[in-house]
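1. Predicted model and sequence below, questions to follow.
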Amino acid sequence: MTTLITNIGELTTNVASPDDRFGTLRDAAVLIEDDRIAWVGSAAEAPGADDVVDAGGRAVIPGFVDSHTHLVFGGDRADEFEARMAGVPYAAGGIRRTVAATRAASDDELRERLAGFVDELHAQGTTTFEVKTGYDLTVDGEARLARLAAEVTPEVTFLGAHVVPAEYADDRAAYVDLVCGAMLDAVTPYAKWFDVFCERGAFTPDETHRIMLAGIQADLLPRLHGNQLGYGEGVQIAVEYGVWSVDHCTYLSDEDVAALAASDTVATLLPGVEFSTRQPYPDARRLIDAGVTVAIASDCNPGSSFTSSMPLMVALAVREMGMTPAEALWAATAGGATALNRDDVGVIAAGKRADLVLLDAPTRVHLAYRPGVPLIDTVFKDGSAL
Ligand code: NIG
Ligand code: FE
């Protein structure tokens, strides 16, 4: 089965050339064969196909790759958001409220919720996404969240080190032992990644080191939450272990930026958090100018960023973080793919997965230029229109 998308006014391929690192083509066409891209080129030279989609001069982009979400949870924390907007600061301790609601939810309730979020992601052009555990914090419960997440994505991350749960408040070391031992063992069959929230109020640098070593020993791939709420050692620890991505990077010293620039670690910026917590946005321009690979992701979770919208992340990155529209789109597609160690998505080229989005707009600039407007026309995932 072949489908030709033709008459594309502006095609962003993310295949870098010496004069355009975003691989922009005008008057282009893409041939899809089954779940893969078979050919990319000029519309005038396009081959025939079983089906033809006329893009009518509009823009086509790679499907968004949302490399950071926390989508398996019960309840919400709208009351906290409301209080924040009245001046109460964000604190990681709120995570415990979601832990209580998640523990109380049945498998079917969580599954249904998750399916709703997946529909939400697809409708906004996201075709690949990561999901973390971290809202149960018991051995069986974390395994349950990982199993449910694995039903909807191969990119499952074990985040037992989200916060120390209330029942271990007086014995943090015992909780870290549990994360590194029985909990890690129970979750490993379902997870590809592990993550630590290294931050004041969550896990200390010493605890983070212990968990990094245990996760790597279990053959999970490392990623890290760091430097979200203040300056700290998260980024330095991330680089030391060669994690694929260190996420948030809101408060960075010059040494942190230099360490990232000298590493292969992606800095994943999560501007939905700053939007929802009223903290200062991370400085993407500073990172890009230093040579750091930058991704953007939604961090969709009920506490610090309850949005699954990658178009909103692109708009915030451009408006608030000093990125150009093309850089922001790259960060939301190829950048996310790099952060997830995926070379089959985030790029429109022969052999890659046929995950792409037809925009209801003539160029990618409109994603930031028309914030809040539903510009996602048709989403192709594995070659099929959703
Ligand atoms: O990425 N930083 C840690 N975890 C989430 C917040 C989770 C919550 O508040 O429920 C984050 O911002
Ligand atoms: Fe997060």
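-> Yep, that arrived. Everything quoted here is computed from the prediction, not taken from an experiment. Ligands and ions are numbered 1, 2, ... in the order given.
2. Going by C-alpha atoms from here, please, whenever you check contacts or count neighbours.
-> Fine.
3. would you list every one of the strands in the stretch 51-200 of the chain?
-> Shown for the stretch 51-200 of the chain, the strands assigned by DSSP state E, counting those that start in this stretch span residues 51-54, 59-62, 64-66, 126-129, 131-132, 156-161, 193-198.
4. Quick check: mean pLDDT of the shortest one?
-> Rounded to a whole number, the mean pLDDT of strand 131-132 is 98.
5. Can you give the contact residues for that strand?
-> 68-72, 146, 149, 153, 155-159 (C-alpha atoms under 8 Å, 6 or more residues apart in numbering).
6. By neighbour count, which of these wins?
-> residue 158 (31 neighbours; other C-alpha atoms under 10 Å).
7. Name the nearest residue to it, ignoring sequence neighbours.
-> Nearest residue to residue 158, sequence neighbours excluded (C-alpha to C-alpha, 6 or more residues apart in numbering): residue 194, at 4.5 Å.
8. Now do the one you found: how many residues are near it, please.
-> 29.
9. what residues are up against it?
-> Residue 194 neighbours (C-alpha under 8 Å, 6+ apart): 157, 158, 159, 215, 220, 221, 222, 223.
10. export those residues to CSV and tack on pLDDT?
-> CSV is the format used below for those (pLDDT from 0 to 100):
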residue, pLDDT
157, 98
158, 98
159, 98
215, 98
220, 98
221, 98
222, 98
223, 98
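11. of the residues you listed, closest to ligand 1?
-> Using C-alpha to the nearest ligand atom, residue 159 is the member of the contacts of residue 194 that sits closest to ligand 1, with 9.2 Å.
12. separation between the closest one and residue 165?
-> Distance of residue 159 to residue 165, computed by C-alpha to C-alpha, to the nearest Å: 13 Å.
13. again, but for residue 221
-> Relative to residue 165, and taking C-alpha to C-alpha, residue 221 is found at 24 Å.
14. Around whichever residue of the stretch 1-150 of the chain sits closest to ligand 1, count how many other residues there are.
-> Nearest residue of the stretch 1-150 of the chain to ligand 1 (C-alpha to the nearest ligand atom) works out as residue 95 at 4.2 Å. Counted with other C-alpha under 10 Å, the neighbours of residue 95 add up to 22.
15. now swap in the one 4 residues further on and tell me
-> By the other C-alpha under 10 Å criterion, the neighbourhood of residue 99 contains 21 residues.
16. sorry, back to before: pretty sure the residue of the stretch 1-150 of the chain closest to ligand 1 is touching residue 135, no?
-> Yes: taking contacts as C-alpha atoms under 8 Å, residue 95 lies within contact range of residue 135: 7.3 Å.
17. Now do the same contact list for the most centrally placed residue in the chain.
-> With distances taken as C-alpha atoms, centre = their mean, the chain has residue 67 as the residue nearest its mean C-alpha position (2.3 Å). With contact taken as C-alpha under 8 Å, 6+ apart, residue 67 is in contact with 128, 129, 130, 296, 297, 298, 336, 337, 339, 340.
18. before we move on, what about residue 30?
-> 4, 5, 6, 37, 38, 39, 40, 41, 46.
19. Flag every residue of the stretch 51-200 of the chain that's near ligand 1.
-> Listed as neighbours of ligand 1 in the stretch 51-200 of the chain under the rule C-alpha under 6 Å from any ligand atom: 92, 94, 95, 197.
20. Apart from its neighbours in sequence, what residue is nearest the first one?
-> If you skip the residues right next to it in sequence, residue 92 has residue 201 as its closest partner in space, 6.3 Å away by C-alpha to C-alpha, 6+ apart.
21. again, but for the second one
-> Counting by C-alpha to C-alpha, 6+ apart, residue 303 is the residue found nearest to residue 94 once chain neighbours are left out, at 6.9 Å.
22. mind checking how far the one you found is from residue 83?
-> Using C-alpha to C-alpha, one obtains 12 Å as the distance from residue 303 to residue 83.
23. More neighbours: those two, which one.
-> residue 303 (24 against 12).
24. Does the more buried one touch residue 95 like I think?
-> Yes: taking contacts as C-alpha under 8 Å, residue 303 lies within contact range of residue 95: 6.9 Å.
25. how about residue 281, what does it touch?
-> Residue 281 is in contact with 250, 271, 274, 275, 320, 321, counting by C-alpha under 8 Å, 6+ apart.
26. Can you give me the pLDDT of the second one?
-> Per-residue confidence at residue 271 stands at 98 (pLDDT).
27. Can you identify each of the helices in the stretch 151-300 of the chain by residue range?
-> 172-178, 184-187, 205-217, 234-241, 254-261, 271-277, 284-290 (DSSP state H, counting those that start in this stretch).
28. which helices and strands does the longest one pack with?
-> Translated: helix 205-217. strand 193-198, strand 221-226, helix 234-241 (3 or more C-alpha pairs under 8 Å, 6 or more residues apart in numbering; DSSP states H and E).
29. let's go with 10 Å and repeat that
-> With contacts taken as 3 or more C-alpha pairs under 10 Å, 6 or more residues apart in numbering; DSSP states H and E, helix 205-217 sits against strand 156-161, helix 172-178, helix 184-187, strand 193-198, strand 221-226, helix 234-241.
30. Among those, which comes closest to residue 356?
-> Evaluated over these, closeness to residue 356 peaks at strand 156-161, with 22.2 Å, by C-alpha to C-alpha.
31. Provide the strand pairings for that closest one, with the direction of each partner.
-> Note on strand 156-161: by DSSP bridges, its sheet partners are strand 131-132 (parallel), strand 193-198 (parallel).
32. Centre of the chain to it, how far?
-> Strand 156-161 sits 14 Å away from the centroid of its parent chain (C-alpha atoms, centre = their mean, to the nearest Å).
33. same thing with stretch 311-318?
-> That offset, for stretch 311-318, works out to 13 Å (C-alpha atoms, centre = their mean).
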